[in-house]
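Student: need a structure here:
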Amino acid sequence: MKKIPLIILSAILLSSCQSDYTPKPRGYFRIDVPSHEYREFDTTFPYAFEYPIYATISPDPSGLAEPFWINISYPAFKAQLHLSYKVVDDNLNTYLEDSHHLVDKHIPKANAITQQEFINPKERVYGLTFAIKGTEAASPYQFYLTDSNSKFVRGALYFNIVPNNDSLAPVIEFLKGDIDHMISTFRWKP
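Tutor: Take a look at the predicted model:
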């Protein structure tokens, strides 16, 4: 008699587990981002803009760096925005082609590359942004700005980690907002 409830309980437990087990997809750690706050970068450089208060600006340390090249570092996200400045002297097409070529290098790892035109006639700032989508794209966001006459700036966002842009998607979107703000406040100085 004592075995009957045990047999019934076992039968109920075994019959309730008829569906296949489905594992949960792999998750990523939650990434907290700060609120967007900006300060002015206005020095002796030939350009000025607003950048986030949680970022730092330093000269480009590479041996190939030229005057007015800088890195904007985002330490909390292990990311850097590399900015290079060039004086245009009848060679604007060369700089534009170089920018497109550097974006095109990401095609093997990219799912899509979206271009967005930027025009600010009041400040004479014209440019193009490139959102590079793809899990292993090394630089998910790039841009160039020019006055179409004598000045040219190119920027590229890189992370100091192995790229996995699926897990970095919230950070990439957050930093794109900061870069877009920088572009919208960008101005050339005499």
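Student: quick one, what contacts Ser148?
Tutor: Residues in contact with Ser148 (Cβ atoms under 8 Å, 6 or more residues apart in numbering) are 92, 124, 126. Glycine gets a C-beta too; all of them are placed from N, C-alpha and C.
Student: helices of this structure, start to end?
Tutor: For the chain, the helices defined by DSSP state H cover 3-16, 92-104, 169-184.
Student: distance of the nearest residue to Leu168 once chain neighbours are set aside relative to Glu136?
Tutor: Excluding the flanking residues, the one nearest Leu168 by Cβ to Cβ, 6 or more residues apart in numbering is Phe159, at 6.6 Å. Distance, Phe159 to Glu136, by Cβ to Cβ, to the nearest Å: 11 Å.
Student: between those two, tell me which one has more neighbours.
Tutor: Taking neighbours as other Cβ atoms under 10 Å, Phe159 and Glu136 compare with Phe159 leading, 20 against 13.
Student: coming back round to it: among the contacts of Ser148, name the buried ones.
Tutor: For these, a burial check counting by 16 or more other Cβ atoms under 10 Å picks out Leu92.
Student: now distance to Ile70 and pLDDT too, for the contacts of Ser148, in TSV please.
Tutor: Output for these, formatted as TSV (distance: Cβ to Cβ, whole Å; pLDDT from 0 to 100):
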residue	distance to Ile70	pLDDT
Leu92	21	96
Arg124	21	97
Tyr126	21	98
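Student: turn the contacts of Ser148 into a markdown table, including distance to Asp180.
Tutor: A markdown table is the format used below for those (distance: Cβ to Cβ, whole Å):
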| residue | distance to Asp180 |
| --- | --- |
| Leu92 | 23 |
| Arg124 | 19 |
| Tyr126 | 15 |
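Student: so which of the contacts of Ser148 comes closest to Leu6?
Tutor: Tyr126 (80.2 Å; Cβ to Cβ).
Student: surely that closest one touches Asn120?
Tutor: Yes. With contact defined as Cβ atoms under 8 Å, Tyr126 reaches Asn120; the gap is 7.4 Å.
Student: chain center to the worst-scoring helix or strand of the chain on mean pLDDT, what's the gap?
Tutor: Between all helices and strands in the chain, the lowest mean by mean pLDDT, DSSP states H and E belongs to helix 3-16, at a mean of 73. The gap between where helix 3-16 is centred and where its chain is centred comes out at 57 Å by Cα atoms, centre = their mean, to the nearest Å.
Student: in it, what's buried?
Tutor: So, applying 16+ other Cβ under 10 Å, helix 3-16 has no buried residues.
Student: repeat for stretch 45-55
Tutor: 47, 49-52, 54-55.
Student: repeat for stretch 171-180
Tutor: By 16+ other Cβ under 10 Å, the buried positions in stretch 171-180 come out as 171-172, 174-175, 178-179.
Student: hang on, the earlier thing: can I get the helices of the chain in JSON lines with distance to Tyr74?
Tutor: What follows is these, written out as JSON lines (distance: least, Cβ to Cβ, whole Å):
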{"stretch": "helix 3-16", "distance to Tyr74": "50"}
{"stretch": "helix 92-104", "distance to Tyr74": "21"}
{"stretch": "helix 169-184", "distance to Tyr74": "7"}
